[in-house]
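Engineer: Make a model of this:
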Amino acid sequence: MTKSMDPARTRRETLGLFGAGALVLGMEAAPATARGQGDDDNVLTEALVLRDPDIPVAGNADGDITIVEYFDYQCPYCRKMAPELRQVVQGDGKVRLVLKDWPILGPISVVASRMALASKYQDKYIQAHEALIGLSSKLTEPRLREALAAAGIDVDRVTRDLAANAKTIDAILARNNDQATAFGFRGTPSFIVGKFRVPGALTMAEFDQAIADARKAAANK
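Structural biologist: Numbering: from 1, shown residues only. Prediction:
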């Protein structure tokens, strides 16, 4: 059993959310969570969600809209939509893409995320992400290492950097999990587009609409 959500249902939910103007960041606009935890305000700050300094940015680092994706390298929906999301970001040209590892589908997902995040110390996180999200076979540690090496990443250095920076990397994963949980996300992929919560996979056209809605909301604030 996975936590990945039914795409047809989540697209309906997403369109409903956008129609309702589901602002989630800038906490004055967000409803209290069902859990009622007082620390959600600290977890869901705009700075941590959109601009976590420990997470590299893809797309246009100076873009006017940020898309945050919470993903798992074993999630079939994440894998399927990765090329489409990349095309949307490149085609728009003004989107910051923040990739937040949320390894919820088992121990090998955690291994994959930790290895990818260790690659950032070679300035190759994006290459690592694209290599691992592009895998269609069952993930194993040898397969992960092979894919990273094929992407031009020094895998021995990944191992060293992972050991040296384990606390930082595990803290990133903990923050990502705290955020996804506080947002009420139930599976991967899940997104923040601008200040909108999008719990599920989108088509390219729906991404374009979400980006347009986020720009409109930002202009009207």
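
Engineer: from here on, contacts and neighbour counts on C-alpha atoms
Structural biologist: OK.

Engineer: can you pull out the strands in this protein?
Structural biologist: 57-59, 65-71, 95-101, 190-193, 196-198 (DSSP state E).

Engineer: and the first one, what's its mean pLDDT?
Structural biologist: Read it as strand 57-59. Averaging the model's pLDDT scores along strand 57-59 yields 94.

Engineer: next one: the third one
Structural biologist: For strand 95-101, the mean pLDDT works out to 97.

Engineer: Could you do stretch 125-140 as well?
Structural biologist: On average, stretch 125-140 scores 96.

Engineer: Please write out the alpha-carbon positions of that stretch in CSV.
Structural biologist: Output of stretch 125-140 as CSV, limited to C-alpha atoms (Å, rounded to 0.1, in the frame of the first residue of the first chain):
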residue,chain,number,x,y,z
TYR,A,125,21.6,18.0,-6.3
ILE,A,126,19.5,18.8,-9.4
GLN,A,127,21.5,16.2,-11.4
ALA,A,128,21.0,13.7,-8.7
HIS,A,129,17.3,14.4,-8.4
GLU,A,130,16.8,14.0,-12.2
ALA,A,131,18.8,10.8,-12.3
LEU,A,132,16.9,9.2,-9.4
ILE,A,133,13.4,10.4,-10.3
GLY,A,134,14.0,9.0,-13.8
LEU,A,135,14.5,5.5,-12.6
SER,A,136,11.6,3.1,-13.5
SER,A,137,13.0,0.0,-12.0
LYS,A,138,12.8,-1.1,-8.3
LEU,A,139,15.1,0.9,-6.2
THR,A,140,18.1,-0.7,-4.5
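
Engineer: So for it, what gets flagged as buried?
Structural biologist: Neighbour counts over stretch 125-140 (16 or more other CA atoms under 10 Å) mark 125-135, 139 as buried.

Engineer: re earlier: make JSON lines out of the strands of the chain and add distance to Val43.
Structural biologist: Shown next, in JSON lines, are those (distance: least, CA to CA, whole Å):
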{"stretch": "strand 57-59", "distance to Val43": "20"}
{"stretch": "strand 65-71", "distance to Val43": "15"}
{"stretch": "strand 95-101", "distance to Val43": "14"}
{"stretch": "strand 190-193", "distance to Val43": "14"}
{"stretch": "strand 196-198", "distance to Val43": "15"}
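
Engineer: Val155: which of these is closest?
Structural biologist: Ranking the strands of the chain by proximity to Val155 (CA to CA) places strand 95-101 first, at 19.1 Å.

Engineer: quick revisit: now the strands of the chain as CSV including distance to Ala164 and mean neighbour count?
Structural biologist: Converted to CSV, the strands of the chain look like this (distance: least, CA to CA, whole Å; neighbours: other CA atoms under 10 Å):
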stretch, distance to Ala164, mean neighbour count
strand 57-59, 22, 19
strand 65-71, 25, 24
strand 95-101, 19, 24
strand 190-193, 30, 25
strand 196-198, 35, 24
